[in-house]
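Undergrad: Would you be able to build a 3D model of this:
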Amino acid sequence: MNQSDFMKVITPFKDRVFRLAKRLLVSTEEAEDATQEVLVKLWNNKGKLESYSSVEALAMTMTKNYCLDQLKSKRATEMRIVHSNYTDRQAGLQQQAEDRDSLGWVEKIMETLPEQQKLILQMRDIEQYEFEEIAKIMDMNETAVRVALSRARKTLREELTKTHNYGITNN
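TA: This next block holds a predicted model:
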């Protein structure tokens, strides 16, 4: 596999690798480093890539593992999960303010979710992965992925509803 062939294989998903790394690591620099590390590992193993049914699933698994290792390492003690890429730029100022507030609450609530649920929610609802792909990446069966996603969404929905209904009494 030459450089051109390698680029054709990784180009469709390299941004997803970065976004997953960004979800897990606080800084853009750390996410860029993680992405670069994963791509270098893929390049070094380019001869074996044809044997994988999904190079993208492999890359996402490598990214998840690398980032989790970074989070466990000493230099990651000050990292926290942050995500603020998604805002509607076409909305009016009032809607933008409400969206930012809601997004901030969603981020805070997501931080309280178990790591597995957080990753599954990110991959399914933000990255749009299929359940089969998530199951491969997370080394789980599809049913367990669906259950974890359902629980994460339920927690997110309940906590967001509590937040939005704060101070409103039902008489």
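
Undergrad: Which strands and helices lie in contact with the helix or strand of the chain with the lowest mean pLDDT?
TA: When the helices and strands of the chain are scored by mean pLDDT, DSSP states H and E, helix 93-112 comes last with a mean of 77. Applying 3 or more C-beta pairs under 8 Å, 6 or more residues apart in numbering; DSSP states H and E, one finds that helix 93-112 makes contact with helix 115-121, helix 142-164. Quick note: C-beta positions are derived from backbone N, CA and C, even for glycine.

Undergrad: Let me know the average pLDDT across the last one.
TA: On average, the pLDDT along helix 142-164 is 89.

Undergrad: circling back: so the least confident helix or strand of the chain versus helix 142-164, what angle?
TA: 130 degrees (axes from the mean of the first three to the mean of the last three C-alpha atoms, to 10 degrees).

Undergrad: So for helix 93-112, what gets flagged as buried?
TA: Buried residues in helix 93-112, counting neighbours by 16 or more other C-beta atoms under 10 Å, are found at 105-106, 109-110.

Undergrad: sorry, back to before: switch the helices and strands packed on helix 93-112 over to a markdown table; also include distance to D5 and mean neighbour count.
TA: Formatted as a markdown table, the helices and strands packed on helix 93-112 follow (distance: least, C-beta to C-beta, whole Å; neighbours: other C-beta atoms under 10 Å):
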| stretch | distance to D5 | mean neighbour count |
| --- | --- | --- |
| helix 115-121 | 30 | 20 |
| helix 142-164 | 31 | 15 |
